[in-house]
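Chemist: okay, predicted coordinates and the sequence, questions at the end:
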Amino acid sequence: MKKFILAALAASVAMTPVVAAPNNHHDDRGRFEQNHRTQVTKKVTKKVVVRNDRRPQHRNWQRGQRFDSRYATNYRVIGNPRAYRLQDAPRGYRWVQSGNDAVLVGITSGIIASVLANMIR
């Protein structure tokens, strides 16, 4: 009886790493599955709509709004405003691009001081 218990204990200790190995989503052919796409499913009267929502399509900026770069399409800071025929930004402000618009934004507050629509082509 003692030998049987020791044999069962040895077998369980030997099998522990095999059972505890993580499943890395490998198939038998050595390929690895990756799921990077996030999907939003919306159920409306027996229809399933799948969308890939990364950013809103276009935002019309207005003076006095708070500028958030997450909602700007093609966002980048304009380092050389004279190349786009813009005046230098006053102290505490900077020009940024959102789509084809040039937006003058306060650096610390994020409030829009001016919007020049379709300025950048």
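Modeler: Nice, thanks for sending it over.
Chemist: tell me where the model's unsure across the protein.
Modeler: Within the chain, the segments meeting pLDDT under 70 span 17-58.
Chemist: try it again with 80
Modeler: Applying pLDDT under 80 to the chain picks out residues 4, 9, 11-59, 121.
Chemist: helix, strand or coil: sort out Trp95 for me.
Modeler: Following DSSP: H, G, I helix; E, B strand; the rest coil, the label given to Trp95 is strand.
Chemist: okay, and the beta partners of it?
Modeler: Beta-bridge pairing for Trp95 (DSSP bridges): Leu104.
Chemist: next, the contact list for it, please.
Modeler: By CB atoms under 8 Å, 6 or more residues apart in numbering, Trp95 lies in contact with 77-78, 81, 84, 86, 89, 102-105. Yep, even glycine has a C-beta here, placed from its N, CA and C like the rest.
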